[in-house]
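Trainee: Could you look at this predicted model? Sequence included:
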Amino acid sequence: MKIKREELIINTIAFKEELDRGVKQEDLLESVKELGLSRVEIRREFLRDIDIELKNIRKKADLLGLSLFYSVNEDFVIGDRVNPKLKTLRQEAELLGAPFIKLNTGDASQISVASLAELAPSFQSSVGLKLENNQDSLYASIKNCRLMMNKVSAADLPIAFVFDLGNWAWLGEDIEQAFASLAEVTDYLHCKNYRHVNGQVEIASLFEGELDAPSLMKRFSHVRYLALEYPTSLENLEADIARLLEKEN
């Protein structure tokens with residue numbers, strides 16, 4: 001995809017320092033607007049009074065002309081069943097006007113295709129779903145993610161993959177293997193970088209880590225959505241966006 005400023009999504013983890021101080025996500029929307037952006041991904045784990053905050057976020061986003069997306073740090077599958085909170089999570093996304101929910105994959109080994117297929121009617125009237133590789137050593141592996149996407153396909157569910165560029169490093173898995181296995185089912189890219197510090201993997205901003213993130217992003221020319229998802233300062237975020245857009249021109 002050609003990256004356009006108006007289509008770039010900022011995940012609110014970019015403002016983690018403020019979130020950790022208790023700043024509400026509705027109060028971060030002005031900063032996104034000041035960056036000249038119009039898409040924001042809200043993170044559920046930073047909501048305290050969920051229904052009230054979601055309504056307030058939607059109201060302010062509408063005033064600012066921002067489109068909202070919804071990141072839920074929960075597994076799509078728990079054991080041999082779809083997460084029982086899925087209906088509630090979709091209702092929350094509807095409050096935001098979000099087109100889909102981003103969930104973690106969860107354990108693909110126990111869920112049956114038949115159980116997944118029971119979800120099919122819900123896609124006619126509810127928000128969509130996308131599944132991401134997080135940093136879970138059990139369920140975010142290439143093997144597990146591919147198995148889940150195979151089962152989703154067999155169940156004829158319109159669920160695509162969210163490929164996080166940086167998260168494979170926490171599992172010690174090869175991003176080239178991940179690309180070969182999952183690029184074809186990916187339509188959303190979460191962008192971050194990483195570096196090794198004293199033997200540990202740490203998150204890095206887009207241009208500071210061990211990945212050539214911009215080159216990797218160009219290989220996902222088919223994706224519909226792209227988000228920056230890493231904690232940083234507002235100044236660094238602004239600089240990264242400018243540099244990223246400059247590379248596109």
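Mentor: Looks like it arrived, so ask away. Numbers count the residues shown, from 1 in each chain.

Trainee: what's the span of stretch 96-104 from first residue to last?
Mentor: 20 Å (CA to CA, to the nearest Å).

Trainee: Distance check, R146 against F163.
Mentor: Using CB to CB, to the nearest Å, R146 is found at 12 Å from F163. C-betas here are computed from N, CA, C, even on glycine.

Trainee: what does S153 give?
Mentor: Here the distance between S153 and F163 works out to 16 Å (CB to CB).

Trainee: neighbour count winner among the two?
Mentor: Higher neighbour count among S153 and F163: F163, with 25 against 14, using other CB atoms under 10 Å.

Trainee: Retrieve the pLDDT associated with the more buried one.
Mentor: At F163, the model reports a pLDDT of 98.

Trainee: ditto for S137
Mentor: We have a pLDDT of 89 for S137.

Trainee: Need the overlap of contacts for R146 and F163.
Mentor: Common contacts of R146 and F163, defined by CB atoms under 8 Å, 6 or more residues apart in numbering, comprise L182.

Trainee: now the longest strand along the chain, how far from the chain's geometric center?
Mentor: In the chain, taking DSSP state E as the definition, the longest strand is strand 67-78. Here strand 67-78 is found 8 Å from its chain centre; the criterion is CA atoms, centre = their mean, to the nearest Å.

Trainee: Okay, strands next: where are they in the chain?
Mentor: Secondary structure of the chain (DSSP E): strands at 8-11, 39-43, 67-78, 81-82, 100-106, 128-132, 160-164, 186-191, 193-197, 200-204, 225-228.

Trainee: where does the chain dip in pLDDT?
Mentor: Along the chain, the parts satisfying pLDDT under 70 run over 1, 247-249.

Trainee: What residue in it is the furthest from its centre?
Mentor: N198 (27.9 Å; CA atoms, centre = their mean).

Trainee: where does it fall, phi/psi-wise?
Mentor: phi 50, psi 40 (degrees, to the nearest 10).
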